[in-house]
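Participant: have a look at this prediction, sequence included:
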Amino acid sequence: MNNSIGFRAPHKKRHFPAIILVAVLVFGFALSFATGILFGFRQGALSVVPDGEKQITNLWSAGQTSEDIDFGQFWNVWNFVKSSYYEQPVSEEDLFYGSIKGMLGGLSDPYSVYFDPGEAEEFIGELDGAFEGIGAQIDVDQTGQIVIVSPLPNTPAAQAGLLAGDKILAINGEETTGFSVEEAIYKIRGPKDTEVILTITRDGWEGATEISIIRDTITINSVEMKIHEDGIAIISVYMFNEETTQLFISAVNELLVAGAKGVVLDLRGNPGGLLDSAIDIAGAWVDGEPVVIQSMRGKQQAFVGSSQARLAGLPTVVLVNGGSASASEIVTGALQDYGAATVVGTQTFGKGSVQDYQELDDGSAVKLTVAEWLTPKGRSINHVGLTPDIIVEYTQADAEADRDPQMNKAIELLK
């Protein structure tokens, strides 16, 4: 203490003049008073949230954790942020939802994500078949780059010239490095008639290009069918959502009544969707046999189509490309394994992991990778994709010239 007030009498008995004692007492009281005020401010900040927001409850009901991890550190950081962040009051909702997002981010799996209530509503809206955005399915490639899996037909994305395989370097000037798929989707989507600017690079380009796209309401008609002049039915499935199975059944009814001689199942640019829809569609060719195998922590479970195999034996060609992913690969793999169809096109995307979607009480949701898909013969799809029986490229020059060599090959095979 003497050193702290600059007083020391060497080789003599120490004395504390009355004025110094008073000073020390006053300083101690002031320090205690200031500390109390600061503590009061912090305690007050801990209990305050912005107007109109909910306050988080059950803050201390942490579950069982590893003995090597002190979960109290989480609450220490929580309280530090709540009490000391320079902009007060701090949103507990934002901290709470952000914490769960970070927990899922710790898995380093782009398909395991947490949706806050607003994001969950948008995600479900897409599966229902309508949302506002540009109409492009995106994903993360093995390098962590956000890429276009497929622009849906007759959407702003397709009209702007986006192609499967395009890399999105920035969204409205914000670099996408480190983005999850959901983060990129959230930033690309927006109200109808608003603009989003994507910075795109493409194989063969020397540099990147900014593309301005005006958002619109995207309504996905997931199945279309037409009868080719040669009596061949062409069924295009654009994604697997809630309506797909019933629309596909209607298409099958129509082609059977028309006496179609063969079927082209066009899954090009189809990014996937609901497993049940994929199993139903594959079951139209596969009679009572497993359509896909789910591999989960060493255990395997086979899924069999529930629909009647009304197309079994009908000559079929499946068209695929790099935008064919997930549920599209499940259908393709099953028909290829059983020899029920000839697969034409280019290597598929390679998204063969299984996500379980759980809705939570507050409207938020978790999408968690729980398993891997295998074809009926045990082939892995994940990160590998499927190789067509016949490789046929479809180039930008083909698109500009309104040529479709893949479809032409399919028709040729079925004739």
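Facilitator: Structure's in. What do you need?
Participant: domains of the protein?
Facilitator: As given by automatic domain parsing, the domain ranges for the chain are 130-219, 223-414.
Participant: and among those, the most buried is which?
Facilitator: The highest average neighbour count among these, using mean count of other CB atoms under 10 Å, belongs to domain 223-414 at a mean of 19. For glycine as for every other residue, the C-beta is placed from the backbone atoms N, C-alpha and C.
Participant: tell me how far the ends of that domain are from each other?
Facilitator: Using CA to CA, to the nearest Å, the end-to-end distance of domain 223-414 comes to 21 Å.
Participant: how about stretch 163-174?
Facilitator: Using CA to CA, the end-to-end distance of stretch 163-174 comes to 21 Å.
Participant: what about that stretch, distance to the chain center?
Facilitator: Relative to its chain's centre, stretch 163-174 lies at 16 Å (CA atoms, centre = their mean, to the nearest Å).
Participant: which residues does it contact?
Facilitator: By CB atoms under 8 Å, 6 or more residues apart in numbering, the residues outside stretch 163-174 that reach it are 138, 141, 145-151, 175-176, 184, 187-188, 196-203, 208, 269, 321-323, 396.
Participant: quick one: residue 348 is in a strand?
Facilitator: No. The assignment for residue 348 (DSSP: H, G, I helix; E, B strand; the rest coil) gives coil, which keeps it out of a strand.
Participant: distance check, it against residue 150.
Facilitator: Taking CB to CB, to the nearest Å as the measure, residue 348 falls 11 Å from residue 150.
Participant: where does this structure have low pLDDT?
Facilitator: Within the chain, the segments meeting pLDDT under 70 span 1-49, 52-67, 125-130.
Participant: quick one: the helices in it?
Facilitator: Secondary structure of the chain (DSSP state H): helices at 18-46, 72-84, 92-105, 117-128, 156-159, 181-188, 244-257, 275-282, 327-337, 396-400, 405-414.
Participant: packing partners of the shortest one?
Facilitator: In this structure, helix 156-159 packs against strand 146-151, strand 209-214, with contacts taken as 3 or more CB pairs under 8 Å, 6 or more residues apart in numbering; DSSP states H and E.
Participant: run the last query once more with 7 Å
Facilitator: strand 209-214 (3 or more CB pairs under 7 Å, 6 or more residues apart in numbering; DSSP states H and E).
Participant: who are the contact partners of residue 262?
Facilitator: 232, 314-316, 414 (CB atoms under 7 Å, 6 or more residues apart in numbering).
Participant: ok so, going back, so for residue 289, which of the helices of the chain sits nearest?
Facilitator: Nearest to residue 289, of all the helices of the chain, is helix 327-337, at 8.4 Å by CB to CB.
Participant: which residues sit against the closest one?
Facilitator: Here helix 327-337 has contacts from 240, 267, 270, 272-275, 277-278, 281-282, 285-286, 291-292, 316, 318, 320, 324, 341, 343, 348, 351-352, 373, 375-377, 379, 381, 385-386, using CB under 7 Å, 6+ apart.
Participant: restrict that helix to CA atoms and write it as CSV.
Facilitator: Output of helix 327-337 as CSV, limited to C-alpha atoms (Å, rounded to 0.1, in the frame of the first residue of the first chain):
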residue,chain,number,x,y,z
ALA,A,327,-33.4,-37.0,-54.6
SER,A,328,-32.7,-36.9,-58.4
GLU,A,329,-29.6,-39.1,-57.8
ILE,A,330,-31.7,-41.5,-55.6
VAL,A,331,-34.1,-42.1,-58.5
THR,A,332,-31.3,-42.3,-61.1
GLY,A,333,-29.3,-44.7,-59.0
ALA,A,334,-32.2,-47.0,-58.4
LEU,A,335,-33.2,-47.2,-62.1
GLN,A,336,-29.6,-47.6,-63.2
ASP,A,337,-28.8,-50.4,-60.6
